[in-house]
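Chemist: sequence first, predicted model second:
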Amino acid sequence: MSTPFFTDVGTSGQPTVVFLHGVGGGRHGWAQQQMHLSTLGWRSLAWDMPGYGESAMLTPYDFEHLALAMWQMLDAAHIHQVVLVGHSMGAMVALQAWTQMPERIMAMVLAASSPAFGNSDGDFQKQFLAQRLAPLEAGKTMGDIADKLIPTMAAPGGDAAHTIPANLKSAHQSMSAVPPATYRAALHALVQFEQRAALPTLTVPVLCLAAEHDRTAPPTVMERMAQKIPGARYACLAGAGHLLHYEQPEAFNAELEKFLKDVKP
């Protein structure tokens with residue numbers, strides 16, 4: 001397993017945050033958060049998940065091996081303890097990582113995510129996969145998919161021409177750059193995720209951060225997740241959708257800063 005590629009902002013010895021992106025993301029999507037944390041005395045790493053950006057693909061492509069790849073990245077960077085900040089699928093990687101090496105996690109921010117995907121009968125998973133993969137089967141590019149999907153994941157609004165607003169350009173660029181094979185593998189991994197049993201075992205500070213208009217991980221789902229984690233905080237960003245750290249970077253950073261004030265050693 002090769003070490004994932006990452007952007008490292010800050011200096012050795014500072015407390016460290018690791019940013020974990022979602023299915024359509026990449027390390028560049030966390031640039032505003034990394035810049036903000038650097039002013040607060042935090043070091044931060046933002047990875048390209050295996051198969052994304054400059055990170056090599058891995059096999060099998062499942063959450064166990066994705067989390068192990070994250071630990072390998074941190075070993076290579078000589079970092080022992082971290083705060084994990086995950087968005088969507090990235091938050092699932094964070095939960096999986098907790099089941100492997102909880103002693104290395106200082107705290108977690110789980111943003112726009114859930115502890116499991118769908119119901120155990122598999123019908124919802126099959127429908128989700130068919131819907132998300134249909135454009136690729138029809139010969140569409142990842143850029144075509146981003147054109148259609150990014151606006152539906154954001155809060156309602158935008159202009160009548162349905163162009164990508166400026167604050168979502170980075171999200172669009174990231175999704176457009178995802179290799180189709182990686183997108184397929186990530187979606188297949190996503191629908192198998194199940195870590196509900198891990199929630200009551202979390203013994204570190206946790207922030208469950210929802211978005212008002214998120215239809216992928218609705219606030220009610222995030223609030224229920226927070227209720228099952230001992231001592232977890234719950235917050236919801238007004239006016240944001242599933243891409244909350246792109247849509248409302250200042251509000252996201254404010255919630256993150258508030259949370260980290262109580263975590264910083």
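Modeler: Noted; the coordinates are in hand.
Chemist: state the distance from A217 to G241.
Modeler: 10 Å (CB to CB, to the nearest Å). C-beta: built from backbone N, CA, C; applies to glycine.
Chemist: which residues do these two both contact?
Modeler: A211 (CB atoms under 8 Å, 6 or more residues apart in numbering).
Chemist: what's the residue closest to the geometric middle of this protein?
Modeler: H87 (2.2 Å; CA atoms, centre = their mean).
Chemist: hang on, it packs against G26?
Modeler: No: taking contacts as CB atoms under 8 Å, H87 lies outside contact range of G26: 11.2 Å.
Chemist: list of residues touching the lowest-mean-pLDDT helix or strand in the chain?
Modeler: Within the chain, no helix or strand scores below helix 123-137, which has a mean of 89 by mean pLDDT, DSSP states H and E. Outside of helix 123-137, the residues within contact range by CB under 8 Å, 6+ apart are F117, G118, D144, I145, K148, P180, Y183, R184, L187, H188, V191, Q192.
Chemist: pick the one among those residues closest to L199.
Modeler: F117 (14.7 Å; CB to CB).
Chemist: residues touching the residue nearest to that closest one when sequence neighbours are not counted, list them.
Modeler: Ranked by CB to CB, 6 or more residues apart in numbering and with sequence neighbours excluded, the top spatial neighbour of F117 is F193, at 4.7 Å. Counting by CB under 8 Å, 6+ apart, F193 touches F63, M92, Q96, A116, F117.
Chemist: now with 6 Å?
Modeler: By CB atoms under 6 Å, 6 or more residues apart in numbering, the contact set of F193 is F63, M92, F117.
Chemist: of those residues, which belong to strands?
Modeler: With strands defined by DSSP state E, no entry of the contacts of F193 lies inside them.
Chemist: so where do the strands sit in the protein?
Modeler: Going by DSSP E, the chain shows strands at 6-9, 16-20, 43-47, 82-87, 105-111, 206-211, 233-237.
Chemist: and the ones you listed as JSON lines, adding mean pLDDT and distance to A76?
Modeler: Shown next, in JSON lines, are the strands of the chain (pLDDT from 0 to 100; distance: least, CB to CB, whole Å):
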{"stretch": "strand 6-9", "mean pLDDT": "97", "distance to A76": "9"}
{"stretch": "strand 16-20", "mean pLDDT": "98", "distance to A76": "13"}
{"stretch": "strand 43-47", "mean pLDDT": "98", "distance to A76": "10"}
{"stretch": "strand 82-87", "mean pLDDT": "98", "distance to A76": "13"}
{"stretch": "strand 105-111", "mean pLDDT": "98", "distance to A76": "18"}
{"stretch": "strand 206-211", "mean pLDDT": "98", "distance to A76": "26"}
{"stretch": "strand 233-237", "mean pLDDT": "98", "distance to A76": "31"}
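Chemist: any stretches of this protein with poor pLDDT?
Modeler: 118-121, 158-162 (pLDDT under 70).
Chemist: change it to 80
Modeler: 1, 118-122, 157-164, 264-265 (pLDDT under 80).
Chemist: quick one: the helices in it?
Modeler: In the chain, the helices defined using DSSP state H lie at 31-38, 63-76, 89-100, 123-137, 142-153, 169-177, 180-190, 219-227, 244-247, 249-261.
Chemist: deepest-packed of the ones you listed, please.
Modeler: helix 244-247 (a mean of 27; mean count of other CB atoms under 10 Å).
Chemist: what comes into contact with that helix?
Modeler: A112, A154, N167, L168, A171, A211, L237, A240, F252.
Chemist: show me how far that helix is from its chain's centre.
Modeler: Helix 244-247 has its C-alpha centroid displaced from the chain centroid by 11 Å (CA atoms, centre = their mean, to the nearest Å).
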